[in-house]
Every structure is written in structure tokens, then in C-alpha cells.
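**Q** starting from these lines, generate the structure:
(2 chains)
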Amino acid sequence: MKQTLVALVENKPGVLNRVASLFRRRNFNIDSLTVGRTESPAISRMTIVVDTDAEKVAKQLYKLVNVIQVEDVTNVPNVSRDLALIKVQVSAETRGQVIQICDIFRAHIVDTSPETLIVEVTGDEEKITGIVEMLRQFGILEMVRTGVVTMVRGEQALSPNGYHEHFASRGNGHSANVL
Amino acid sequence: MQLTGAEIILECLIREGVDVMFGYPGGAILPTYDAMTKYPQLHHVLVRHEQGAAHMADGYARATGKVGVVIATSGPGATNLVTGIATAMMDSSPIVCITGQVPTSQIGTDAFQETDVTGVTLPVTKHNYLVYDVEDLAYTIREAFHVARTGRPGPVLVDVPKDVQNARTEFVYPEDEIRLPGYHPPKRASEGEIEAALRLIEQAERPVILAGRGVVMSGAGAEVLQFAELTQTPIALTLLGKGGVPESHPLSLSMMGMHGTGHANLAIQNADLLLAFGMRFDDRVTGNLKTYAPNARKIHIDIDTSEIHKNVRADVPIVGDLKVVLQQLLPKVQRREHKAWLAQVRDWMEDADERDIVHQDAGSRLLAAHVIHDMWQATQGNAIVVTDVGQHQMWEAQYYPHERPHTLITSGGLGTMGFGLPAAIGAAMGLRSTNVWAIVGDGGFQMTMAELATAVQERVPVKIAIINNGYLGMVRQWQEFFYEERYNATPMFTPDFIALAAAYGIPAQRVSRREDVIPAIDWADSINDGPVLVEFAVEKHDIVYPMVPAGADLHNMIRRPAPSPDSV
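**A** So this is what the prediction gives:
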């Protein structure tokens, strides 16, 4: 069963490499992994979807010195979003049908040419899979998905704010980026 | 005070209490070697191969409990360390490796002797660093030592580009507390965990303690012994747990696992409670996990949370420092007897004793087990023994009981042949002891025997016992049992070790008769101004018994046949 973990990590060079290397050497299958900035420049956030025991993954992640906090949000009410850009082949006849499908999925047309459209769609995995299936009949020329990002619903917050003090006194001259 | 990066590295090492560094110079680390001339209090040991440096630092760390230090250059210097780093990683040994790197302006250009060393060592270090800015250097070195020695210890590597070593900055040693937002080694158990453990302990009728390296590293031997005596629980040891509690203690079952004692393995398989203290249920101690201790509940105490439920599901997992947790537990533990259980265990022990080769006559053959038994007698069990890997290692574990922690140094997890001699040099230098014995096989010894020169140059009074059977003995044993005696690539030419020693100026003797063993040990123990070597020409076709084949049930041991009445 797919499980979703959210991790706060130090924004330092090579952290993504450390996480990826850990997954490979422990034989954990990554379904998707996204990484990006948080409101704190010192901390990045990862959403990791795995097909492995999440507890085992979390424990191994904690062994990495740069990993600050890991939450298994699989069974917590959450908002999960994936974004896809889909380049679809269209003709004068099919253009209207594609636009109609986009309306149903609340997707946007973000680029047009005489023979193509780029569709931008945001949603959970099922929704993206749904529109992809619908558009396939017209011919998908190119597609890219960002991978899932997840946030728990309600007042509970996985915030980097509590960790600011750890960085305050350190004159770390090197401006680093997790990527 | 304006200092160069190289000087900052050495200033930081001094503040960490370092007195000796094991290393090998080269282009990218030359600024640091040059700066060493200003710091005579830091003794540098020139090795003959960087792998030797890593094993020496590891041996130093295991013998002294302090962090071992390695210095090497970029590229091949650093990649030669990898085996030693991986060895330290598997056995949780704290070492810090400082490697030179090509200048920052050349990183990523395939410059001469450039290797992505932080990339190469990432999976085999506890943590590693590439320092881009001399301003970060002092803090990074301090953090590296902190990470290496705390929690579950392990190797840490700091890669320092040449221009960072040359750059000057105002040196201010960072005295403030180390702040790592994601690194908080656990210490204590919760009250709930203690209560849960107590309930299982009170219900147990057939308990066994499994004492691992955590007992030694946490310094929890006294607490484990107190617990065992209070609850009358027998103690089985892992290979790296040897020395954690005295093996002469009546409750000791000695080593468990693949080549463990029959009574230890049978006790584990028949137990109703396993108390796993600082051990990780390695496949070499469990055998087949499906049939492992089938009726036992498990209390697993370890400092590394990722070890909990990794191989064996624990009924009561406790993450913490073993000594602290046992101190929490002990005042609440009730006295127990377990008479019937201990009587059963004693029966198994007597059966094992009867089969023991130590009590059998080998005729004119010199058996390695007898050599090690006699070595134990001659050294009164007081030597610090460093082994290599293979049959001799298992015979050491079986026939050299250890009474004190840190007196057996051996590569357990990685099983690194070539570990013995360099680790023994590191241990002898760290302890400033004349009482360190390297017991090595003829195979493993030839992997790192270049370090004989290091021992001579440093006048290290290490005693070297080569158990020479002319084979890669453990592999030969597997070929005999599992590959229908096809001895491919295991018979081995060996040089004349006595002549080899002479070439290095090392006194040496060859022993091939039992009666010469103890005099040779005594002779070696009398030579304390440098290394000394004794070669034991032992029986070629010997087997380490008992043996649990890989993946087999722990109780299905291949036992030494019991002696028939007329053979004794």
C-alpha cells in the first residue's frame, strides 16, 4: 500500500542525495519524491510517497543527521496535490472536445498552437490519472508531473519555526541549497 | 589569531584530545602536512596504505574508547580508506577521516586525483562533510567529532579542498553547544517502557540475555551482570559483545550464533524471553528468522531506533543508552531463581564440553584451537587480542574467553580480512601497551602485511600470531560442507614468514608442535621494543564446530561428533 511521509530537512548541499541514496541502499521503493523550500530558508520540505513500511522508512530517515522531522501522514486527513502539464494533439474538430474535458476537470489551457494545447491540471493522483485517460484518445505528445505534495488538514502544522534557534548562532558562510 | 585552514584543522584536533593521527600525505592534503611541523604534540603515523590508516584509527578507537583520526589525500588516498570506513560503520566505531580535496575552483572538472569522496563514502559514513569555506572549518571539525562519538558512534569524513586549507581567517574556536536540529541521541526509557519490560521479566520462566557491542560501548557490563545475577538469567554474547561481561561467570553462555556454543544457541531457541541488550539481531546470530526463538517474547534495548523491529519484532522496544535504561530498570526488578531452566542449560553446557576439542588429544597434529587455548593460558587471559577474519577469528572467540571490555577487537559486521595487523598497531599505540596480540590467518595477513613496516618504523610492540594452514580456511570449510569439497581458489602459497619478518628486522619463530606453543608465546611477550612474530603451522583440514549453515535454523548446528570412549 502506498504511504505518504512528510519530512523537514536542513537546506544543505547533498541532502536530496543522502535521502535518495538511503532509499536505494535500504531497498525502499520511491513512488514519488518532491522537495522544495519552506517559509524558513534553512529548512526544506519533502513529500515522499513509498510502497514500503512507512515506520521503517521514517526510522531510517531519522538516522540522517540533516533530517529534522518526519511525519507519516498516510492515515491523517490531508490535502494531496499533484500538478501535470499535458501537451495534447488537437485538430479543428477535436479542439472543442478537449476544452470541454478540461472544464469538467477544472484544468487550464496554458498554451495553444494550431495543432496542440498544453493543459495544466492540479489535483490528487486519481484526478490527474482520470484526465490523462480522457485525453489519451486525442494523442498525448508530452507530459510532466511534479509528484505529490501533501499537507495535513486542520490546525496541526509541520512548521520549521521551532527550529530557527538551531541556526541563529551559526555563522555558516556558505549559502546552500538542498538541490 | 589569523590561521590557515590547515592550522585550524590541527588546532581543532588538539582541542578534541587527539594525540595521534594515522595517515599518508599527497598533493591535496600537503598544506595540512606542512602545518603539522608546527604542532609536534600531534604525532603522525605514516602508514603504507590508507586502508591501514583507517583500520589503525578503528583499532585505536575500539581499544581506547576515544575517536580515531585518519588523514589522507584526495582521489586514491581517499578511496583507499573506503574498506576501513565501512568496517568502522558496521561495528559502530568512532573515527574521523580528514581528506584533502582538489581546490574548489577545480571541483567537478575531473582534475588530477579528484574523486567525489563525499559521494563515494556517503553510504558507509554516519555523516560526511565537504567544506567550501574556511569560515565553516572549525565548526565542522567539532561537529564531526560530536557526531562520531555520540549516539550510536560511527565514522565521519570531512573533505577539505586544498584552497580551503590554504585560506587564512581569524581563528575562534566555537565553544558554544553543538546544535543539530535533527540529531538527538536518545538516553532514557519512559516509565511506560520500563513497566512493560518489568511485566515480561516477571512472567518469564526461561529468559536469556543477548549481550551485544552496546554493552561494551555503553559501559553497561556491571549493570548487565547485576541484572543477570538478580534474575538468574544466563547471558549469551555476540562476537562484539565479548568482554562486555566476564566469560568466566557461571551465568555466561559465551558466544551465540553461527559458530556460537551449542548451549547458547539451544538456550536461545528454547527461551520464553530474550533480553536483547545493545545488539541488532544480525543474520549471523539469528540463523533462519522464521524459526528463531519461536516461543520467546523479546525486550529489545538499543540506542539506534532503526534497529527496532528491523530483523526481529520486539514485544517491548526501548530506545536509549543501555547503561541508563538498565539503571532505571534495576531498582524495580524482583529477585528470581529459574532453577529448572538453569539446570537444563547446564546439561547442554556439559554436552558441549564433552565434544570440545580442547579436551581431546590431537596426536601429532597442531590444532589452531589448541594454539589459541594455550595462548589464553600463557597470557593468563589478559591480552588485548585483535583478530583478522576467518577460522582463526572464530577459534579466538571460542577459545580465548575475555573478562574485560575492549579486550577483543575484531571486524564483526563487515568481516574485513586484512583488519587484524593494522587494527592491532592502532590499539597498541592508543593504549601504549605491550600486551596487544594480533591473531591473524595467513590469508588476511597477506592483505595488509605492508603495515609491518609501519610497526617497525613506529617501534610498536605488537605481537603477531599467524595461524597458518595454507588455505583460506573458512572458505575452504564452506567448500567442504556446501560445495562438495571443490577447493577452488582456497589453497594458498605463502611466503616464508620468518624470512619476511627478518627482512623487516622483526624477530620471529615458527612453531609446529604443541609443546612449543607456550614457550613461543612467552618468548614473544618478553620482546617489548618493537613488533615480534610467531607463525603457527597448524593442521590444514580443520573445521570450526559447531556451525549453523547460513540461513539454517539456529538449533540445527553441525556439531563436532562426540568422542567415542576409546578415542580419548
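
**Q** what helix or strand is the closest residue to residue B:378 other than its chain neighbours on?
**A** Residue nearest to residue B:378 in three dimensions, not counting chain neighbours: residue B:521, with 3.9 Å by Cβ to Cβ, 6 or more residues apart in numbering or on different chains. All C-beta atoms are positioned from the backbone trio N, CA, C, and that covers glycine. Secondary structure assigned from DSSP states H and E places residue B:521 in helix B:517-525.

**Q** how far away from the center of its chain is that helix?
**A** Distance of helix B:517-525 from the chain centroid (Cα atoms, centre = their mean, to the nearest Å) equals 25 Å.

**Q** what is whichever helix or strand comes after it packed up against?
**A** Note on helix B:517-525: by DSSP H and E, the next helix or strand toward the C-terminus is strand B:532-537. With contacts defined as 3 or more Cβ pairs under 8 Å, 6 or more residues apart in numbering or on different chains; DSSP states H and E, strand B:532-537 has these neighbours: strand B:463-468, helix B:497-504, strand B:508-511, helix B:517-525.

**Q** on that earlier part again, show me the contacts for the residue nearest to residue B:378.
**A** Residues near residue B:521 by Cβ atoms under 8 Å, 6 or more residues apart in numbering or on different chains: B:374-375, B:378-379, B:534.

**Q** domain map for the chain?
**A** By default, I'm working from chain A. Using automatic domain parsing, the domain ranges for chain A come out as A:3-76+A:156-168, A:79-145.

**Q** um, chain B though
**A** B:2-170, B:191-350, B:357-537.

**Q** can you lay out these as a markdown table showing mean pLDDT?
**A** As requested, these are exported to a markdown table (pLDDT from 0 to 100):
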| stretch | mean pLDDT |
| --- | --- |
| domain B:2-170 | 98 |
| domain B:191-350 | 97 |
| domain B:357-537 | 97 |
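
**Q** who wins for proximity to residue A:63 among those?
**A** Taking Cβ to Cβ as the criterion, residue A:63 comes closest to domain B:191-350 out of the domains of chain B, the separation being 5.5 Å.

**Q** any weak-confidence spans in chain A?
**A** For chain A, residues meeting the criterion pLDDT under 70 lie at A:164-179.

**Q** reformat the helices and strands packed on strand B:532-537 as CSV; add distance to residue B:339.
**A** Conversion of these to CSV gives the following (distance: least, Cβ to Cβ, whole Å):
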stretch, distance to residue B:339
strand B:463-468, 41
helix B:497-504, 52
strand B:508-511, 46
helix B:517-525, 40
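
**Q** tell me which of the ones you listed is the most buried.
**A** Each of the helices and strands packed on strand B:532-537 was assessed for mean neighbour count using mean count of other Cβ atoms under 10 Å in any protein chain shown. The highest is strand B:463-468, with a mean of 28.

**Q** and the contacts of that strand?
**A** B:368, B:371-372, B:375, B:383, B:391-392, B:395, B:421, B:424, B:436-442, B:445, B:494, B:497, B:524-525, B:531-538.

**Q** nearest residue to residue B:20 other than its sequence neighbours?
**A** If you skip the residues right next to it in sequence, residue B:20 has residue B:43 as its closest partner in space, 4.7 Å away by Cβ to Cβ, 6+ apart.

**Q** output the contacting helices and strands for the longest strand out of those in chain A.
**A** If you go by DSSP state E, chain A has its longest strand at strand A:78-89. Here strand A:78-89 is seen to pack against strand A:116-123, helix A:125-136, strand A:140-145, strand A:149-152 when contacts are counted using 3+ Cβ pairs under 8 Å, 6+ apart.

**Q** got the contact list for the last one?
**A** What that stands for is strand A:149-152. For strand A:149-152, the surrounding residues in contact (Cβ under 8 Å, 6+ apart) are A:4, A:6, A:34, A:36, A:47, A:71, A:73, A:76-82, A:158.

**Q** buried residues in that strand, which are they?
**A** Within strand A:149-152, the residues that qualify as buried by neighbour count (16 or more other Cβ atoms under 10 Å in any protein chain shown) are A:149-150.

**Q** from chain A, how far off is the residue nearest to residue B:20?
**A** As judged by Cβ to the nearest Cβ, to the nearest Å, residue B:43 and chain A stand 30 Å apart.

**Q** since we're on residue 128, how many residues are nearby?
**A** Just so you know, I chose chain A. Counted by other Cβ atoms under 10 Å in any protein chain shown, the residues lying close to residue A:128 total 23.

**Q** chain B, not that one
**A** Other residues lying near residue B:128 total 25 when counted by other Cβ under 10 Å.

**Q** check contacts around it.
**A** By Cβ under 8 Å, 6+ apart, the contact set of residue B:128 is B:117-118, B:121-122, B:156-159.

**Q** also residue B:61?
**A** Taking Cβ under 8 Å, 6+ apart as the test, what residue B:61 contacts is B:67-68, B:88, B:93-95, B:153, B:426, B:430.

**Q** likewise for residue B:531?
**A** For residue B:531, the set of contacting residues under the criterion of Cβ under 8 Å, 6+ apart consists of B:452, B:455-456, B:460-464, B:504, B:506.

**Q** buried subset of those residues?
**A** Buried by 16+ other Cβ under 10 Å: B:452, B:455, B:460-464, B:504, B:506, out of the contacts of residue B:531.

**Q** and which of these is nearest residue B:545?
**A** So of those, ranked by how close each gets to residue B:545 (Cβ to Cβ), first place is residue B:464, at 26.3 Å.

**Q** if I look at that closest one, how far off is chain A?
**A** From residue B:464 across to chain A, the span is 36 Å (Cβ to the nearest Cβ).

**Q** cool, residue B:414 as well?
**A** Residue B:414 sits 14 Å away from chain A, going by Cβ to the nearest Cβ.
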